[in-house]
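Q: Any chance you could fold what I've pasted below:
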Amino acid sequence: MATCGKTPGWTSGDRHLNKALIAGASGIVGSATAELLSGKGWQVFGLARKPQAAPGVQPLAADLLDPASLKSALADVAPTHIVISTWLRQPTEAENIRVNSAMVRNLLDAVRPSGSVRHVSLVTGLKHYLGPFEAYGKGSLPQTPFREEQGRLDIDNFYYAQEDEVFAAAARDSFTWSVHRPHTIVGKAVGNAMNMGTTLAVYASICKETGRPFRFPGVAAQWESLTDMTDARLLARHIEWASTTPAAANHGFNVVNGDVFRWSWMWGRIADWFGIEPAAFDGVVRPLEQQMADDADLWREIARRHGLAEPDLNRLSSPWHTDADLGRPIEVVTDMSKSRRMGFLDYQPTDDAFFDLFEQLRADRLIP
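A: Numbers count the residues shown, from 1 in each chain. Got it, this is the predicted structure:
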């Protein structure tokens, strides 16, 4: 992974020259990054198939799988920084690789004519160490805590394919890059496919409304072991830091909040926030996907009764993803020493990350 010729970053006098193109601007990571950068004076373009209006963000409608639509949407955009924080889930890992690598390749090809790109930030995750969903947390895995130097598993993984597209384009077009590997992300995004925080908020709200027991859905290994998570706001700050810090150029980074916890403690903290009693964990796995399988009509009624803004349960919750994370049979803890040594020292208590999200969801009338 050789260093490319350009130096990332800006000084206080040239912030207005920074133009960020965010692919996936309506998602958890993209929206948090757009809010941060626009608030710091960056010109921000939000790229999505169906872009949503957001303060300080210029929406661009395009399909990453359609080069013609990208060419049209980006004809007058000359971004200095690109953030790729989107993916499309496919039924097999082979299809994940084909589709998601094409999305990255098409985007970087579309911006190439401008010659303006200085840095590309790619957001992946801990499946870099845990393997794809088809082999998630199975087989021979690196020892925890996961460290960046542990490298790739000997297994097909669409994260690796996305990285390779970025590396190839960087070598060709002489921009720098950074890869960001968060753990489970806490943040707000309606319609997001991987959203544990909102999923748990909806589940807790249903339990409170119906009197159902608030049961931990995962395995004993997750209940008892240490783990960590990533606040979307901290991840946004890390993306900005890596894209504007010369020493961070051309590196992959783990990104987590900086604290560790056990779900046996966090589950009670979440229950307390909602004013409900957590059910005692008896070691029986009760996946949320099964618990919430028939709750669409119930949530629609809860939304009607409380005047909520989103009556569609499927746009708020992603129980399959929460089940995948809470069903892992191994401890998952992530090392942040690489970023710390380079100067990124931000810290976010994970329980406060959940509470901040719950407050925002309630203020936006997404939960009662």
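
Q: so after the longest helix along the chain, what's the next helix or strand?
A: Taking DSSP state H as the assignment, the helix of the chain that covers the most residues is helix 93-111. Following helix 93-111 in sequence order, the next helix or strand is strand 119-123 (DSSP states H and E).

Q: what does that next one rub up against?
A: Outside of strand 119-123, the residues within contact range by C-beta atoms under 8 Å, 6 or more residues apart in numbering are 6, 8, 29, 80-85, 104, 108, 162-163, 166, 169-170, 175-180, 182, 235, 239, 242-244, 249. No exception for glycine: its C-beta is placed from N, CA and C like everyone else's.

Q: what about it, distance to the chain center?
A: 13 Å (C-alpha atoms, centre = their mean, to the nearest Å).

Q: for stretch 222-237, same thing?
A: With C-alpha atoms, centre = their mean, you get 11 Å for stretch 222-237.

Q: Can you classify Asp282 by secondary structure?
A: When classified by DSSP: H, G, I helix; E, B strand; the rest coil, Asp282 comes out as coil.

Q: And the pLDDT at it?
A: For Asp282, the pLDDT comes out at 95.

Q: Please state the backbone phi and psi of it?
A: phi -110, psi 10 (degrees, to the nearest 10).

Q: Buried residues in the longest helix of the chain, which are they?
A: Going by neighbour count (16 or more other C-beta atoms under 10 Å), the buried part of helix 93-111 is 93, 96-97, 99-111.

Q: just for the protein, where's the confidence low?
A: Regions of the chain meeting the criterion pLDDT under 70 cover residues 1-16, 136-139, 193.

Q: what do you get if the cut-off is 50, keeping everything else the same?
A: For the chain, residues meeting the criterion pLDDT under 50 lie at 1-5, 7, 9-15.

Q: in it, which spans are helices?
A: Ranges of helices in the chain, per DSSP H, are 28-39, 67-73, 93-111, 127-130, 158-173, 196-210, 220-224, 232-244, 263-274, 288-291, 296-306, 319-326, 337-342, 350-363.

Q: just how off-centre is the longest one within its chain?
A: Between the centre of helix 93-111 and the centre of its host chain there is 18 Å, according to C-alpha atoms, centre = their mean.

Q: again, but for the second one
A: Put simply, helix 67-73 sits 25 Å off its chain's centre (C-alpha atoms, centre = their mean).

Q: Tell me the buried residues in that helix?
A: Neighbour-count burial for helix 67-73 [16+ other C-beta under 10 Å]: 67, 69-70, 73.

Q: Distance to His306 for those - can I get that in a markdown table?
A: As requested, these are exported to a markdown table (distance: C-beta to C-beta, whole Å):
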| residue | distance to His306 |
| --- | --- |
| Pro67 | 44 |
| Ser69 | 39 |
| Leu70 | 41 |
| Ala73 | 38 |
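
Q: What is the most widely separated pair among those?
A: Spatially, the most separated pair among the buried residues of helix 67-73 is Pro67 and Ala73, at 10.8 Å (C-beta to C-beta).

Q: Pro142: which of the buried residues of helix 93-111 is nearest?
A: Pro142 has its nearest neighbour among the buried residues of helix 93-111 in Glu93, at 18.9 Å by C-beta to C-beta.

Q: quick one, what contacts that closest one?
A: Going by C-beta under 8 Å, 6+ apart, Glu93 touches 132-134, 156-158.

Q: Try it again at 7 Å.
A: By C-beta atoms under 7 Å, 6 or more residues apart in numbering, the residues touching Glu93 are 132, 134, 156, 158.

Q: Which residues are in contact with the first one?
A: With C-beta under 7 Å, 6+ apart as the criterion, the residues that contact Pro132 are 93, 96, 157-158.

Q: How about Val260?
A: Counted by C-beta under 7 Å, 6+ apart, Val260 has contacts 226-228, 333.

Q: Now go through these and say which are in strands.
A: Judged by DSSP state E, strands contain the following of the contacts of Val260: 226-227.

Q: Determine which two of the contacts of Val260 are furthest apart.
A: Pairwise over the contacts of Val260, using C-beta to C-beta, the maximum falls at Leu226 and Asp228, 7.6 Å.

Q: between the two, who's got more neighbours?
A: Neighbours around Leu226 and Asp228, counted as other C-beta atoms under 10 Å, are more numerous at Asp228. The numbers are 22 against 13.

Q: Now do the more buried one against Ser178, distance only.
A: 20 Å (C-beta to C-beta, to the nearest Å).

Q: And for Gly30?
A: Taken as C-beta to C-beta, the span from Gly30 to Ser178 is 16 Å.

Q: of those two, who's got more company?
A: Higher neighbour count among Gly30 and Ser178: Gly30, with 30 against 24, using other C-beta under 10 Å.

Q: which residue sits closest to the more buried one, ignoring its sequence neighbours?
A: Closest residue in space to Gly30, ignoring its immediate chain neighbours: Gly24 at 4.1 Å, by C-beta to C-beta, 6 or more residues apart in numbering.

Q: Surely the one you found is in contact with Ser31?
A: No - using C-beta atoms under 7 Å as the test, Gly24 is too far from Ser31 to be in contact (8.7 Å).
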